[in-house]
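**Student:** sequence isn't available, so here's the structure alone:
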């Protein structure tokens, strides 16, 4: 059973027939990324065919997922909106995990410098409330 979350593994889990070969997908994806934008003229039709097959497989997967979502709730619009929101939030999370969270270094350094002093003030105030 497929365990990954890539297109081919997911399509396999959804029992989509006639998916492309994993070696072929890896080969063309790598070739496209490593040679962009200078592709050999004889490879352009093969690259376009790979892209077309990838898009068609994505379409089949989407339609299978929509069919599953329709069985989960009577309000399909709500379910689809939630799925899109979830996907978008995962994409943003991936960007943060890749790029990091922007940090105001001046404020961070101030916090680091004065942390013990501020914490002591806070603790004294808390003791007065008790």
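**Tutor:** Noted; the coordinates are in hand. On a predicted model such as this, the values are computed, not experimentally measured, just so you know.

**Student:** for the rest of this, base every contact and every neighbour count on C-alpha atoms.
**Tutor:** OK.

**Student:** which of the helices or strands spans residue 9?
**Tutor:** helix 7-13 (DSSP states H and E).

**Student:** need the contact list for the residue sitting nearest the centre point of the chain.
**Tutor:** Taking C-alpha atoms, centre = their mean, the centroid of the chain lies closest to residue 91, which sits 4.1 Å from it. Counting by C-alpha atoms under 8 Å, 6 or more residues apart in numbering, residue 91 touches no other residue.

**Student:** helix or strand for it, which one?
**Tutor:** With DSSP H and E as the test, residue 91 turns up in helix 76-99.

**Student:** so which bits of that helix are buried?
**Tutor:** residue 79 (16 or more other C-alpha atoms under 10 Å).

**Student:** where are the low-confidence patches of this protein?
**Tutor:** Across the chain, the ranges flagged by pLDDT under 70 are 1-2, 122-130.

**Student:** which residues in it form helices?
**Tutor:** 7-13, 22-35, 44-72, 76-99, 105-129 (DSSP state H).

**Student:** could you give the angle of the third one to helix 76-99?
**Tutor:** Read it as helix 44-72. 130 degrees (axes from the mean of the first three to the mean of the last three C-alpha atoms, to 10 degrees).

**Student:** so which elements touch helix 44-72?
**Tutor:** helix 7-13, helix 22-35, helix 76-99 (3 or more C-alpha pairs under 8 Å, 6 or more residues apart in numbering; DSSP states H and E).

**Student:** can I get the ones you listed in JSON lines with distance to residue 43?
**Tutor:** Formatted as JSON lines, the helices and strands packed on helix 44-72 follow (distance: least, C-alpha to C-alpha, whole Å):
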{"stretch": "helix 7-13", "distance to residue 43": "23"}
{"stretch": "helix 22-35", "distance to residue 43": "10"}
{"stretch": "helix 76-99", "distance to residue 43": "31"}
